[in-house]
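A.B. asks: Mind folding the following:
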Amino acid sequence: MQVAEGIYKVEGVRISNAYLVVADEGLLLVDSGMGRHAGRIMRLIESLGRRREELRCVVLTHWHIDHLGSAAEVKRLTGAQVAIHELDAPILAGGELPKKGRRAMGLVFRLFRFRPIEPDLRLHDGDTIGGLRVFHVPGHTDGSIALLRDDGVAFTGDALLGDRHGQVKPPDLRLSIDPERATASAEKLRALPLSLVLPGHGAPARLPGGAG
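C.D. replies: Coordinates of the predicted model:
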């Protein structure tokens with residue numbers, strides 16, 4: 001489903017959202033959903049008349065399993081690079097989980113057979129990838145990021161959410177490593193001249209007063 005010019009939401013991804021971006025230098029995937037969704041991603045690419053090898057990069061907004069679960073398989077199928085913020089990169093690579101929620105997250109990782117990935121790219125605030133600017137929004141995880149396009153479209157991961165009616169929701173502080181920082185990051189995002197929020201969970205949403 002096309003949600004903005006050059007941006008498609010991958011249909012059928014459970015729990016969280018994954019988006020395919022058509023950029024000048026190739027295709028880019030923002031998050032990959034839970035495991036076993038690589039086939040859906042490949043079918044979307046092919047439905048656009050593109051080859052799977054045109055997928056240049058999988059950008060993960062943070063390390064939670066519902067966002068990175070299919071990344072290893074997508075990388076295997078396409079040869080795409082995997083990118084994540086430098087602060088979340090060690091966990092993606094199989095390192096120790098944060099103390100908060102470690103037991104529960106460890107169980108989830110084992111249940112869904114998490115396959116560690118050594119990231120190809122470690123992102124920093126202000127980097128540009130696939131025409132998108134990296135905006136560090138810590139709190140949900142230490143390395144949570146949003147990705148901003150010049151026209152005001154923002155992929156917000158779990159730093160801002162959406163409801164089924166297209167309204168912006170705050171982050172779930174119960175699932176945040178640092179609730180205070182998560183709240184501050186959400187406020188920073190809301191202060192930007194955004195035209196469209198493409199969240200990690202929920203429907204695309206518009207911010208009142210945003211551009212466009």
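A.B. asks: Show the subsequent helix or strand relative to the lowest-mean-pLDDT helix or strand in the chain.
C.D. replies: When each helix and strand of the chain is scored by mean pLDDT, DSSP states H and E, helix 102-111 comes last, with a mean of 74. Next helix or strand after helix 102-111 toward the C-terminus (DSSP states H and E): strand 121-123.
A.B. asks: Against which helices or strands is the least confident helix or strand of the chain packed?
C.D. replies: helix 65-68 (3 or more CB pairs under 8 Å, 6 or more residues apart in numbering; DSSP states H and E). Any C-beta I mention is one placed from the backbone N, CA and C, and that applies to glycine too.
A.B. asks: for the record, mean pLDDT for the helix it packs on?
C.D. replies: For helix 65-68, the mean per-residue pLDDT is 92.
A.B. asks: Does H140 touch L161 like I think?
C.D. replies: No: counting by CB atoms under 8 Å, H140 does not reach L161; the two are 10.0 Å apart.
A.B. asks: Next, show the common contact partners of these two.
C.D. replies: When contacts are counted by CB atoms under 8 Å, 6 or more residues apart in numbering, the set common to H140 and L161 consists of P171.
A.B. asks: If you count surrounding residues, which of these two has more?
C.D. replies: Using other CB atoms under 10 Å, the more surrounded residue of H140 and L161 is H140, with 29 against 21.
A.B. asks: mind listing what the more buried one touches?
C.D. replies: By CB under 8 Å, 6+ apart, the neighbours of H140 are 62, 157-159, 171, 175-177, 182, 185.
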